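S.K.: just to be clear, the model below is a prediction. Sequence and coordinates:
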Amino acid sequence: MELAEFDHHADIPGTTIFDGRMAMKGYALNKMCYSFNAAEARAEYLRDPEAYFDKFGLNDEQKAACRAKNVLAMIAAGGNIYYLAKFAGIYKLSVQDVGAQQTGVTTEEFKQKLLDAGKK
Amino acid sequence: MARIIGGITTSHIPAVGNAIAQGLFEDPYWKPFFDGYPPVHEWLAKNKPDVVINIYNDHGLGFFLDKMPTFAIGAAHEYRNEDEGWGIPQLPPFPGAPELSWHIIEGMVADEFDITSCQELAVDHGFTVPMQLFWPGLTDNPDMPPAIPISANTVQHPIPTLNRALAFGRSLRRAVLSYPKDLKVVVLGTGGLSHQLDGERAGFINREFDEYCMDKIVTDPDALTKISRMELVEKAGAQGTEFLMWMMMRGALGDKVNLLHSNYHIPISNTGAGTMLLECVD
């Protein structure tokens, strides 16, 4: 099979396909977020976030995205949503808060959009 | 000989665990979802499976990107959950069925299905929420059977094709049916249905596609293998790829099944939530 036949470069608007390319790009960021499964790691991060970024070797783009708690920027820097969810958890952000931030609406508006989807 | 008596699908959204802990069964938001479960409880009480094979996808607890198995089978004496970064309560350990696990591993690898075996595996909400939904009280519930977790990769592309997921289930069925002990086995397919958590498309839900999948998975699962992985991302949302777990379950049920119960509700959290109870005919 020719590589061109593979469909992994399909363009789905508003969607980043987390493939090997993104996995390489985001490895340090995702590894840091994976560490947050442990409560002691979350405490260590909160004591000194900058030191924790360096411990995992985050690059400048990843650090800036984390400082801003900007989920779209974290995804662009190679973040995978399943690991980023653990970063969001430290700041008590729900998946609706995260969805609202990414789509530029309030959390209440985002929740309403989900309820509206049930009425169709 | 062991036999597979049926399959049950459910969404495994983390918020469900919180709702159970808070007893929100009659809450207006939750009632249409929880109302889908009593018929499943009745069926389980009547049929009392000896083992549950719980097919779910790990979400970054049991596996990281350093080593990402496409298909992993638990072979441990027990399985523990963790707080996952959100402070999820520690649950009592889930008893395993390692003898059957190893029989399945032997059988599937001999069948040329190369899988990863796990003698330690932290199980996340994808595994624990369905157990909480189907066997309320968990270890306090005398009917909760020992479990075998099976996890498929939907974290990182390339994910398995729908065709491969269905074939996995069929190979799993052959392995279980060749087990010499008389055991009744139920298979769970958890996750989905349509949802997307990441990107500007976050909040995407697709009722029409979910209903198509819930129809075809009963009558003609092979028709679903024509859906490409990117088409699945497009139509089910980036995390709707969890539908692969349903395909794996369906393959394990044999060619013909009876649909005993079905429920679908939008939204639970960001998700179109589907519950189905399928009884094996053969």
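M.R.: Sure, I can see it.
S.K.: got the residues of the stretch 51-200 of chain B near chain A?
M.R.: B:59-61, B:64-66, B:82-87, B:155-158, B:196-200 (Cβ under 8 Å from any Cβ of the partner chain). (Each C-beta comes from the backbone N, C-alpha and C, glycine too.)
S.K.: so residue B:263, which state does it fall into?
M.R.: strand (DSSP: H, G, I helix; E, B strand; the rest coil).
S.K.: hey, where'd the strands end up in chain B?
M.R.: B:3-10, B:51-56, B:71-74, B:78-79, B:94-95, B:116-118, B:147-152, B:184-190, B:257-268, B:271-280 (DSSP state E).
S.K.: save the ones you listed as CSV, and put in mean pLDDT, distance to residue B:228 and mean neighbour count too.
M.R.: Output for those, formatted as CSV (pLDDT from 0 to 100; distance: least, Cβ to Cβ, whole Å; neighbours: other Cβ atoms under 10 Å in any protein chain shown):
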stretch, mean pLDDT, distance to residue B:228, mean neighbour count
strand B:3-10, 98, 22, 24
strand B:51-56, 98, 21, 28
strand B:71-74, 98, 19, 23
strand B:78-79, 98, 33, 20
strand B:94-95, 98, 35, 20
strand B:116-118, 98, 25, 18
strand B:147-152, 98, 17, 27
strand B:184-190, 98, 20, 26
strand B:257-268, 97, 24, 18
strand B:271-280, 97, 20, 24
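S.K.: follow-up on the earlier one: so which of the residues of the stretch 51-200 of chain B next to chain A are in helices?
M.R.: Applying DSSP state H to those, no entry is found in helices.
S.K.: hmm, which of the residues you listed are the buried ones?
M.R.: Among those, those classed as buried by 16 or more other Cβ atoms under 10 Å in any protein chain shown are B:59-61, B:64-65, B:82-86, B:155-157, B:196-200.
S.K.: about what we covered before: format the strands of chain B as TSV; extra columns: distance to residue B:29.
M.R.: What follows is the strands of chain B, written out as TSV (distance: least, Cβ to Cβ, whole Å):
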stretch	distance to residue B:29
strand B:3-10	17
strand B:51-56	24
strand B:71-74	33
strand B:78-79	30
strand B:94-95	28
strand B:116-118	36
strand B:147-152	29
strand B:184-190	21
strand B:257-268	8
strand B:271-280	12
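S.K.: closest to residue A:105 out of those strands?
M.R.: Closest approach to residue A:105 among the strands of chain B is made by strand B:257-268 (15.3 Å; Cβ to Cβ).
S.K.: which neighbouring elements make contact with the closest one?
M.R.: For strand B:257-268, the elements it packs on are helix A:107-117, strand B:3-10, helix B:31-34, helix B:38-47, helix B:207-219, strand B:271-280, judged by 3 or more Cβ pairs under 8 Å, 6 or more residues apart in numbering or on different chains; DSSP states H and E.
S.K.: no further queries at this time; thank you.
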